[in-house]
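Student: got a predicted model here, sequence first, then my questions.
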Amino acid sequence: MADFTKVKEWIKDADAVIVTAGNGMAKEEGLDILSEENFDDQFGKIADKYDVHTIGDALDKKFESWSEQWGFWSELVNEYSLQYEPGETMQALKKLLQDKEYFIATSTFAHFFENAGFNENHIFNVFGDWTRMQCSSGINHGQKDDREVVKKFLVSEGEVPKCEDCNSPMELHMPLNANFFPDTDANTRFRWFLTGNEDKKVVVLELGVDETSPQLLDPMVKLVEQFPNWKYVAADLADEDMPDDLKKRSAGFATSSRDMLMNLTK
């Protein structure tokens, strides 16, 4: 296993830290979109009607009506975002990054990092953010906050939100279909951050990134290979999983994001 003391020194000396966070980090904060546990109990009608048994499967399913769709979405957004309180894994990350320049690129979409108090201008939600909504027409008419819509659906059926430009129903800002438009502003900020730190001491901190979000794994490893002052630290990967030319500038702990962060903040 990699050396925590060595990695602590890397982070202490770093000019900037880039965090890539995936499904593993979301699980630590209470959202496991692939788990069947409790789904049928919580969403029994949806499970029976559409034969879906995970949050991920339900998000991929087109419901019979927009009202039904927004009713389900609202329960998810409320439970995992509006009611979210940072867990000890997120608190450990905040402690680790205090007084550090940072940027977070994440495939999680539950607004965790914003809710935890990280600077929203330093976050790129690669797969969108379900506290925001977009036009379902397939035309990019921008994004709107959907939290007031969610609150209304929680107390009554609510009114399906419509696009101010074309009156089409709004949907979650997520890659549910071919209509998804990534947040280009956040993507640009992230690219400028990468460019601005090319020659500086940087630690890339990988938290729970897996095959479901390869754009947060392989490209970041390639960047670390390219810039000699950069280092790569992974919760999920082991030392032997690292490319040969990165052995001296990488550390893999083959553990959960929680265990790695708790050890790094001791």
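Tutor: Cool, the structure landed.
Student: contacts only, for Ala178.
Tutor: Shown here is Ala178, whose contacts under the criterion C-beta atoms under 8 Å, 6 or more residues apart in numbering are Gly138. From N, CA and C alone the C-beta is placed, and that goes for glycine too.
Student: next one: it from Glu171, what distance?
Tutor: Ala178 sits 12 Å away from Glu171, going by C-beta to C-beta, to the nearest Å.
Student: so where do the strands sit in this protein?
Tutor: Per DSSP state E, the chain has strands spanning 16-21, 101-106, 123-125, 129-135, 143-145, 170-173, 202-207, 230-234, 250-252. These are given in chain order.
Student: which one of those lies closest to Asp51?
Tutor: The closest of those to Asp51 is strand 170-173. By C-beta to C-beta, the value is 21.2 Å.
Student: just how off-centre is the closest one within its chain?
Tutor: 17 Å (C-alpha atoms, centre = their mean, to the nearest Å).
Student: now do stretch 93-106
Tutor: Distance, stretch centre to chain centre, for stretch 93-106: 14 Å (C-alpha atoms, centre = their mean).
Student: that one: end-to-end distance?
Tutor: The first and last residues of stretch 93-106 sit 14 Å apart, counting by C-alpha to C-alpha, to the nearest Å.
Student: pull out the buried positions in that stretch.
Tutor: By 16 or more other C-beta atoms under 10 Å, the buried positions in stretch 93-106 come out as 93, 96-97, 101-106.
Student: mind listing what the residue most central in space within the chain touches?
Tutor: Here the mean C-alpha position of the chain is nearest to the C-alpha of Thr108 (C-alpha atoms, centre = their mean), at a distance of 2.1 Å. Thr108 makes contact with 21-23, 25-26, 29, 31, 125, 127, according to C-beta under 8 Å, 6+ apart.
Student: closest to Asp245 among these?
Tutor: Within the contacts of Thr108, distances to Asp245 taken as C-beta to C-beta reach their minimum at Gly22, with 23.9 Å.
Student: just the CA trace of stretch 84-91, in CSV.
Tutor: Extracted in CSV, the C-alpha atoms of stretch 84-91 (Å, rounded to 0.1, in the frame of the first residue of the first chain):
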residue,chain,number,x,y,z
TYR,A,84,-28.3,16.5,2.4
GLU,A,85,-25.8,17.1,5.2
PRO,A,86,-22.1,16.5,4.5
GLY,A,87,-20.9,13.2,5.9
GLU,A,88,-17.5,12.6,7.5
THR,A,89,-15.9,11.8,4.1
MET,A,90,-16.9,15.2,2.7
GLN,A,91,-15.8,16.9,6.0
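Student: so for that stretch, mean pLDDT?
Tutor: Confidence for stretch 84-91, expressed as mean pLDDT, is 97.
Student: so which bits of that stretch are buried?
Tutor: Under the neighbour-count criterion of 16+ other C-beta under 10 Å, stretch 84-91 has 84, 86, 89-90 buried.
Student: what's the answer for stretch 162-176, then?
Tutor: Under the neighbour-count criterion of 16+ other C-beta under 10 Å, stretch 162-176 has 163, 169-176 buried.
Student: pLDDT and distance to Asp145 added to the residues you listed, as a markdown table?
Tutor: Converted to a markdown table, the buried residues of stretch 162-176 look like this (pLDDT from 0 to 100; distance: C-beta to C-beta, whole Å):
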| residue | pLDDT | distance to Asp145 |
| --- | --- | --- |
| Cys163 | 98 | 14 |
| Pro169 | 98 | 16 |
| Met170 | 98 | 11 |
| Glu171 | 98 | 14 |
| Leu172 | 98 | 12 |
| His173 | 98 | 10 |
| Met174 | 97 | 15 |
| Pro175 | 95 | 19 |
| Leu176 | 92 | 18 |
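Student: who touches the nearest residue to Glu120 once chain neighbours are set aside in this structure?
Tutor: Closest residue to Glu120 apart from its sequence neighbours, by C-beta to C-beta, 6 or more residues apart in numbering: Glu114 at 5.0 Å. Listed by C-beta under 8 Å, 6+ apart, the contact set of Glu114 reads 120, 123, 129.
Student: what domains does the record give for this structure?
Tutor: With domains defined by automatic domain parsing, the chain comprises 4-29+86-128+182-264, 39-83+132-173.
Student: many thanks, I have nothing further to ask.
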